[in-house]
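Participant: mind folding the following:
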Amino acid sequence: MAWATITKERWPGGVVPNVTDYEAARAGFSWADARAALDGLPGGRGLNIAHEAVDRHAAGATAGKVAVRWLRRDGTVEDATYAELAERTDRFASALGALGVRSGDAVFTLLGRVPELWVTALGTLKATAVFAPLYAAYGPEPVRERLVRGEGRVLVTTPTLYRRRVEPIRDRLPALAHVLLVGPPDGEPPAGTRWFDEVVAAAPGGFEIPATDPEAPAIVHFTSGTTGTPKGAVHVHEAVVAHHATGAIALDLHPDDVFWCTADPGWVTGTSYGIVAPLTHGVTVVVDEGDFDADRWCRILAEQRVTVWYTSPTALRMLRRAGPEAIGGHDLSALRLVASVGEPLDPDLVAWGMEVLGHPVHDSWWQTETGGIMIANLAGCEIRPGSMGRPLPGIEVAVLARGDDGRAAAAVDGSVQELGPDEAGELALRPGWPSMFRGYLHDDERYAACFAGGWYLTGDVVRRDVEGWIWFVGRADDVITSAGHLIGPVEVEQTLRQHPAVVDAGVVGVPDEVAGELVKAYVVVRPDLPVTEELVSDVLAFARRRLGPTVAPRSIEVVDDLPHTRSGKIVRRVLRARARGLAEDDRSTPEAPL
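Facilitator: Residues are numbered from 1 along each chain as shown. From the prediction side, this is the model:
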């Protein structure tokens, strides 16, 4: 589909986008100006994320505005105004002090999308302790590994999760001093735990945020990417400058917006853009405690009058699969921006959004390590379907030549080679943006390996066209080299999904003595279709017509489902292991790498 067919609208709901001239925005941007847009702590006492997200609004005209609206699983709705959120997070910060928690101590959560998670996150930041969210789906060993690496002193979780995930390993968590259980106090809590509500209710309000060094650690997100042990990426309070700026630039947030980010807060998107960025803009944040359900999600968009929706391509594909009837009858007229993150956005989803939701889907790209959006298709500018977009103002990128290992190659003197337009290489970012991670916990060597020649190396292979748009090819360890040709699995997967019988697709390279690697595809087909040799042949022929014989898969295997991270990325490491006949234990699925 030609990119020129999708252009900016004038303007949904009469709201003029924050950026309508990309080049002018880049030329006029500075991180110093972005910092000046925030208040800072009173009296020049530094910069604290929770103050910018909550307290400065609670002290002003928006004190009575709904900050967060939680839609509970049982159908009830719980609201917290900015003033109420400030009071609840004050009490939690005071409670941490009463527990002996000091600046820099780690406070972990093992929770779903419940109010206590927001209170814990923001109260921890007020207390200048370090917030570390975990996925509620983790088993005991991943929980133990992260709590030990992060030296977790406090854990907030539920009675059920505690008994299943924590109690069996409690004696192997030497730093864990306090476990607070979320839920109505129901008798005596398990040994070694206390009720969250009782501890917080006993603490005084009126907490004064202590002086906060902008470079003080604030948040740790654990990520292992597709291989290796968990890495604890450390972010500092200064990151809020990037959260606020990118919320305005990439997500086009305005004070009157109703914003919904569908990401779990255990994933960096759920924290950076589910908690911090929207609250710094004083918007109302909608949070759905439930899991994906097409009708429920459409009702939320309509009934909550959501204006800006940040979700994933996987969620959009599931919504599309539910059919037009899932959306029909729902009034989505309040919606003015749909943005996507977590995995490459299929070009046809951009057009589907335009046709069905009334708006094209705007792709964005970033990583746990970047802490905030780096590249995006902006609301007020043209979209090129299939492209990640262009670097945001304040972000400098390069495409670097790669060595035999697939990663950017540094010369003996440490220099790197920048590639020209349309050459595939490793995406690199010039360090210096405020949300850039400051290190990996207890792993300086691993952190140092992320940089070369004055650039942060992302591990993603891309190409940049002559006009500066970035196109994703694949992860460095996912790109397939077949008979001298560089093949990006994403392009092949996107093409396979366009076949009417294919629901999902994953592509990997398998060893070949002659070509080096051959392209193999795993596909999930519609459940109403029988899997036959004719169907597989038709999909293969479809791919060859679209991609040519060099790029198209040499073989296709139909499977019931594909391994995905929680952010929706296909875990190709698992597929490669399957193709090589490795044991199931050797191809376990890691957590979301973004």
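
Participant: how does the protein divide into domains?
Facilitator: Domain segmentation of the chain under automatic domain parsing yields 3-361, 396-477, 480-587.

Participant: need these in JSON lines (columns: distance to residue 382 and mean neighbour count).
Facilitator: Bear in mind the C-beta positions are built from the backbone N, C-alpha and C, glycine included. Output for these, formatted as JSON lines (distance: least, Cβ to Cβ, whole Å; neighbours: other Cβ atoms under 10 Å):
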{"stretch": "domain 3-361", "distance to residue 382": "5", "mean neighbour count": "20"}
{"stretch": "domain 396-477", "distance to residue 382": "10", "mean neighbour count": "17"}
{"stretch": "domain 480-587", "distance to residue 382": "20", "mean neighbour count": "17"}
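
Participant: tell me which of these sits nearest to residue 386.
Facilitator: Among the domains of the chain, domain 3-361 comes nearest to residue 386, with 4.1 Å by Cβ to Cβ.

Participant: average pLDDT for that closest one, rounded please.
Facilitator: Throughout domain 3-361, pLDDT has a mean value of 93.

Participant: for residue 378, find the nearest of the domains of the chain.
Facilitator: Per Cβ to Cβ, nearest to residue 378 of the domains of the chain: domain 3-361, 5.2 Å.

Participant: mind checking how far the closest one is from the chain centre?
Facilitator: 11 Å (Cα atoms, centre = their mean, to the nearest Å).

Participant: residues touching the residue nearest to residue 505 when sequence neighbours are not counted, list them.
Facilitator: For residue 505, ignoring the flanking residues on the chain, the nearest one in space by Cβ to Cβ, 6 or more residues apart in numbering is residue 496 at 3.8 Å. By Cβ atoms under 8 Å, 6 or more residues apart in numbering, the contact set of residue 496 is 502, 505, 507, 521, 523, 539, 542, 543, 553.

Participant: same check, this time on residue 133
Facilitator: Applying Cβ under 8 Å, 6+ apart, the residues near residue 133 are 108, 109, 111, 117, 121, 221, 265, 266, 270, 271.

Participant: ok, those residues vs residue 43, which is closest?
Facilitator: Of all these, residue 43 sits closest to residue 121, with 24.7 Å by Cβ to Cβ.

Participant: residue contacts, the closest one?
Facilitator: Residue 121 neighbours (Cβ under 8 Å, 6+ apart): 109, 131, 133, 265, 271, 275.

Participant: go on, residue 245?
Facilitator: 31, 34, 37, 394.

Participant: try 7 Å
Facilitator: Going by Cβ atoms under 7 Å, 6 or more residues apart in numbering, residue 245 touches residue 34.

Participant: so it, which of the three states?
Facilitator: At residue 245, secondary structure determined by DSSP: H, G, I helix; E, B strand; the rest coil is helix.

Participant: quick check: the gap between it and residue 545.
Facilitator: As judged by Cβ to Cβ, to the nearest Å, residue 245 and residue 545 stand 44 Å apart.

Participant: what's near enough to touch residue 441?
Facilitator: By Cβ under 7 Å, 6+ apart, residue 441 lies in contact with 149, 150, 220, 232, 234.

Participant: and those, which is closest to residue 289?
Facilitator: The closest of the contacts of residue 441, once distances to residue 289 are taken by Cβ to Cβ, is residue 220, at 24.1 Å.

Participant: bridging residues for that closest one?
Facilitator: Taking DSSP bridges as the rule, residue 220 bridges to residue 234.

Participant: that one and residue 124 touch, don't they?
Facilitator: No - the criterion here is Cβ atoms under 7 Å, and residue 220 misses it with residue 124 at 11.0 Å.

Participant: so what touches the longest helix seen in the chain?
Facilitator: Longest helix in the chain, counting residues (DSSP state H): helix 82-98. Contacts with helix 82-98, where a contact means Cβ under 7 Å, 6+ apart, come from 50, 54-55, 57-58, 62-65, 67-68, 80, 107, 119-120, 122-124, 126-127, 129, 154, 199-200, 203-207.

Participant: just to revisit the earlier point, could I get the domains of the chain as a markdown table with distance to residue 389?
Facilitator: Converted to a markdown table, these look like this (distance: least, Cβ to Cβ, whole Å):
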| stretch | distance to residue 389 |
| --- | --- |
| domain 3-361 | 8 |
| domain 396-477 | 7 |
| domain 480-587 | 15 |
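
Participant: which of these sits closest to residue 371?
Facilitator: domain 396-477 (3.0 Å).

Participant: for the record, mean pLDDT for the closest one?
Facilitator: pLDDT averaged over domain 396-477 gives 92.

Participant: what about that domain, start to end distance?
Facilitator: This stretch, domain 396-477, spans 24 Å end to end (Cα to Cα, to the nearest Å).

Participant: pull the distance from that domain to the chain's centre.
Facilitator: Chain-centre distance of domain 396-477: 20 Å, with Cα atoms, centre = their mean.

Participant: now swap in stretch 389-401 and tell me
Facilitator: The chain centre lies 19 Å from the centre of stretch 389-401; the measure is Cα atoms, centre = their mean.

Participant: part of a strand, is residue 320?
Facilitator: No - according to three-state DSSP, residue 320 belongs to no strand; its state is helix.

Participant: skipping adjacent residues, who's closest to it in space?
Facilitator: Using Cβ to Cβ, 6+ apart and skipping residues adjacent in sequence, the residue nearest residue 320 is residue 352, 5.6 Å away.

Participant: for the one you found, give its distance to residue 316.
Facilitator: Distance from residue 352 to residue 316, counting by Cβ to Cβ: 7 Å.

Participant: which ones among the contacts of residue 121 are found in helices?
Facilitator: Reading helices off the contacts of residue 121 with DSSP H, I get residue 271.

Participant: from the contacts of residue 121, which is closest to residue 364?
Facilitator: Distances from residue 364 to the contacts of residue 121, taken by Cβ to Cβ, are shortest for residue 271, at 15.8 Å.

Participant: hmm, the closest one is touching residue 265, no?
Facilitator: Yes - at 5.3 Å, residue 271 and residue 265 qualify as touching, with contact defined as Cβ under 7 Å.

Participant: the helices in the stretch 151-300 of the chain, which residues?
Facilitator: Under the criterion DSSP state H, counting those that start in this stretch, the stretch 151-300 of the chain contains helices at 159-161, 196-201, 239-249, 268-271, 277-280, 294-303.

Participant: could these go into a markdown table alongside distance to residue 580?
Facilitator: Formatted as a markdown table, the helices of the stretch 151-300 of the chain follow (distance: least, Cβ to Cβ, whole Å):
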| stretch | distance to residue 580 |
| --- | --- |
| helix 159-161 | 35 |
| helix 196-201 | 47 |
| helix 239-249 | 40 |
| helix 268-271 | 31 |
| helix 277-280 | 41 |
| helix 294-303 | 37 |
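
Participant: which among these is found nearest to residue 432?
Facilitator: Short answer: helix 239-249, nearest of the helices of the stretch 151-300 of the chain by Cβ to Cβ, at 10.6 Å.

Participant: pull the CA atoms of the closest one into PDB?
Facilitator: Presented in PDB, the C-alpha positions along helix 239-249 are these (Å, rounded to 0.1, in the frame of the first residue of the first chain):
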ATOM      1  CA  ALA A 239      14.000   9.900  32.900                       C
ATOM      2  CA  VAL A 240      10.700  11.800  33.500                       C
ATOM      3  CA  VAL A 241      12.000  14.600  31.200                       C
ATOM      4  CA  ALA A 242      11.900  12.100  28.300                       C
ATOM      5  CA  HIS A 243       8.600  10.500  29.500                       C
ATOM      6  CA  HIS A 244       6.900  13.900  29.400                       C
ATOM      7  CA  ALA A 245       8.400  15.100  26.200                       C
ATOM      8  CA  THR A 246       7.800  11.900  24.200                       C
ATOM      9  CA  GLY A 247       4.200  11.700  25.600                       C
ATOM     10  CA  ALA A 248       3.600  15.000  23.900                       C
ATOM     11  CA  ILE A 249       5.500  14.300  20.700                       C
END
